[in-house]
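Asker: Sequence and predicted structure, then a few things I'm wondering about:
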Amino acid sequence: MTNSDRIIVPLDVPDLESAIAMLDLLPEVNFWKVGLELFVSSGAEILGILQERQKKSFLDLKFHDIPNTVAGACRSASRYQVDLLTLHATAGRQAMTAAKEAISDLLSPPKLLAITVLTSLNARELALDLKIPLELSEYALNLALLAKESGIDGAVCSPQEVAQLRRVCGEDFLLVCPGVRPSWSIKGDQSRVMTPAQALKAGADYLVIGRPITGAEEPKVAWAKICHELGDI
Ligand SMILES: O=C(O)c1cc(=O)[nH]c(=O)n1[C@@H]1O[C@H](COP(=O)(O)O)[C@@H](O)[C@H]1O
């Protein structure tokens, strides 16, 4: 796999037409993420389009509910044949175990990823607003280990925690990092960031890179620049 195959680009757009326009603009991208904005506005149609175009897909709906509801949602989402699917680790052990169990009899179930600590949060918010009494990195590690123990395939974490998670959770645990910013792009609402090269070097399997590409004046140029920085082009 080349480094550019490790980049997942989110289709964070308000409607299906904009999503298709983005796919047409960036045929080089092989892995796309469909999140709340597009799924809530336009439903599952985009997932069929990605399949027709032989692209890999990540359905990022971040389920967070009681075990029965999370399990049912994962089972329902699996009908779209996506490669990756997210739920929150803070839903707890029972919800994660039930989610895994709910898709265990399927022929090609999606890999389940647990959200640890959102990359937009900083240590101050975690301590003062959310009243979490642990260091941010320790909290992220605890959530990742809980996910692993519950049979979840991997975690979503910031690049700033990925080296530690890789060390403790092992090579087989899938680690996907948003919060990735090339040196030439702005952070926006992301808080715990690293560059694409740093994030891969730290041990990420996949990077989620959105606005630095999709919000660029010329998305194709931004994509090529990132691939070049990763040594691909
Ligand atoms: O689950 C995610 O993908 C996710 C988790 C997280 O902690 N932080 C995070 O930014 N994301 C998603 O990753 C993408 C990041 O987009 P950009 O900030 O535009 O690069 C968005 O689609 C977010 O929904």
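Answerer: Great, that's in hand.

Asker: Kindly export the strand ranked longest in the chain (C-alpha atoms) in CSV.
Answerer: For the chain, the longest strand by residue count, based on DSSP state E, is strand 56-63. In CSV, the C-alpha atoms belonging to strand 56-63 read as follows (Å, rounded to 0.1, in the frame of the first residue of the first chain):
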residue,chain,number,x,y,z
LYS,A,56,-13.4,2.2,-0.1
SER,A,57,-15.9,3.8,2.3
PHE,A,58,-15.9,4.8,6.0
LEU,A,59,-19.3,5.5,7.4
ASP,A,60,-18.7,7.8,10.3
LEU,A,61,-21.9,8.1,12.3
LYS,A,62,-20.3,7.9,15.7
PHE,A,63,-23.0,5.9,17.4
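
Asker: And for that strand, what's in contact with it?
Answerer: 8, 10, 30-36, 39, 47, 50-51, 69-70, 73-74, 77, 80-88, 91, 99, 110, 115, 176, 208 (Cβ atoms under 8 Å, 6 or more residues apart in numbering). In short, each C-beta sits where N, CA and C put it, glycine included.

Asker: for stretch 197-217, same thing?
Answerer: In contact with stretch 197-217 (Cβ under 8 Å, 6+ apart) are residues 3, 6-13, 22, 26, 31, 33, 58, 154, 156, 159, 162-163, 165-167, 174-178, 180-182, 185, 188, 194, 196, 219, 222-223, 226, 229-230.

Asker: Over to the residue nearest to residue 101 when sequence neighbours are not counted. Which of the three states is it?
Answerer: Closest residue to residue 101 apart from its sequence neighbours, by Cβ to Cβ, 6 or more residues apart in numbering: residue 71 at 6.9 Å. Following DSSP: H, G, I helix; E, B strand; the rest coil, we place residue 71 in the helix state.

Asker: Go ahead and confirm residue 168 touches residue 140.
Answerer: No. Counting by Cβ atoms under 8 Å, residue 168 does not reach residue 140; the two are 10.6 Å apart.

Asker: With neighbour numbers in mind, choose between the two.
Answerer: residue 140 (24 against 12; other Cβ atoms under 10 Å).

Asker: do you know how far that one is from residue 54?
Answerer: The gap separating residue 140 from residue 54 is 34 Å, by Cβ to Cβ, to the nearest Å.

Asker: Now stretch 107-123 - C-alpha only, PDB.
Answerer: The C-alpha trace of stretch 107-123 is given here as PDB (Å, rounded to 0.1, in the frame of the first residue of the first chain):
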ATOM      1  CA  LEU A 107     -20.100 -12.300   5.500                       C
ATOM      2  CA  SER A 108     -18.000  -9.200   5.200                       C
ATOM      3  CA  PRO A 109     -18.800  -7.000   8.200                       C
ATOM      4  CA  PRO A 110     -17.300  -3.500   8.500                       C
ATOM      5  CA  LYS A 111     -14.400  -3.000  10.800                       C
ATOM      6  CA  LEU A 112     -15.600  -1.200  13.900                       C
ATOM      7  CA  LEU A 113     -13.600   1.800  15.200                       C
ATOM      8  CA  ALA A 114     -14.100   3.300  18.600                       C
ATOM      9  CA  ILE A 115     -13.800   7.100  19.000                       C
ATOM     10  CA  THR A 116     -11.500   7.900  21.900                       C
ATOM     11  CA  VAL A 117     -11.100  11.600  22.700                       C
ATOM     12  CA  LEU A 118     -12.300  13.900  19.800                       C
ATOM     13  CA  THR A 119      -9.400  15.700  18.200                       C
ATOM     14  CA  SER A 120     -11.100  19.100  18.700                       C
ATOM     15  CA  LEU A 121     -10.900  18.800  22.500                       C
ATOM     16  CA  ASN A 122      -7.900  20.100  24.500                       C
ATOM     17  CA  ALA A 123      -6.600  19.100  27.900                       C
END
